[in-house]
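Asks: Structure for this input, please:
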Amino acid sequence: VQLQASGGGLVQAGGSLRLSCAASGGTFSYLGMGWFRQAPGKEREFVTSISWSGGITNYADSVKGRFTISRDNTKNTMYLQMNSLKAEDTAVYYCAAKVLGGSGPYGYNYWGQGTQVTVSS
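Replies: Alright, predicted model coming up:
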């Protein structure tokens, strides 16, 4: 499975961005998917995840109410809508996939290359 994240950029605090993660080389509709991020000098952290059907989602407390994960299995693509962005959301965002198909922060088998999100205050 290959994952390609896109949609990052520079945005002012309070603004919005939508990230996309396109998958290829596998059966996307069987995969659990997630977003992680890594800020400079910090460890990679879980942001959000979605089950194979889209029926189960999980969010880190830091993004609840601001970020929304979704997926379109007909397009083999996952999305992350980020609203009310804060300077502390600045990081490289990575998409990931796991073959077990569930949601949650663990068990990912495949990783994308990352896309930079920079929020200016």
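
Asks: going forward, measure contacts between C-alpha atoms and count neighbours the same way
Replies: Fine.

Asks: Bridged to Ser70, which residues?
Replies: In this entry, Ser70 is beta-bridged to Tyr79, by DSSP bridges.

Asks: how about it, what does it touch?
Replies: Taking Cα atoms under 8 Å, 6 or more residues apart in numbering, we find Ser70 in contact with 50, 54, 78-80.

Asks: Could you pull out the strands in this structure for me?
Replies: 2-6, 9-12, 17-24, 32-38, 45-50, 57-59, 67-72, 77-82, 91-98, 110-111, 115-120 (DSSP state E).

Asks: in this structure, which residue is closest to the centre?
Replies: When Cα atoms, centre = their mean is applied to the chain, the residue found nearest the centroid is Trp35 (2.6 Å).

Asks: That one and Val92, how far apart?
Replies: The gap separating Trp35 from Val92 is 10 Å, by Cα to Cα, to the nearest Å.

Asks: what's the answer for Gly114, then?
Replies: From Gly114 to Val92 the distance is 6 Å (Cα to Cα).

Asks: So for the two, which residue has more residues nearby?
Replies: Comparing Gly114 with Val92 by other Cα atoms under 10 Å, the one with more neighbours is Gly114, at 22 against 18.

Asks: Make sure that one is actually in contact with Ala5.
Replies: Yes. With contact defined as Cα atoms under 8 Å, Gly114 reaches Ala5; the gap is 5.9 Å.

Asks: Name the residues contacting each of the two.
Replies: With Cα under 8 Å, 6+ apart as the test, Gly114 and Ala5 both reach 94-95.

Asks: and the strands of the chain as a markdown table, adding mean pLDDT and distance to Gly104?
Replies: Output for the strands of the chain, formatted as a markdown table (pLDDT from 0 to 100; distance: least, Cα to Cα, whole Å):
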| stretch | mean pLDDT | distance to Gly104 |
| --- | --- | --- |
| strand 2-6 | 98 | 18 |
| strand 9-12 | 98 | 26 |
| strand 17-24 | 98 | 17 |
| strand 32-38 | 98 | 8 |
| strand 45-50 | 98 | 6 |
| strand 57-59 | 98 | 6 |
| strand 67-72 | 98 | 12 |
| strand 77-82 | 98 | 15 |
| strand 91-98 | 98 | 10 |
| strand 110-111 | 98 | 15 |
| strand 115-120 | 98 | 21 |
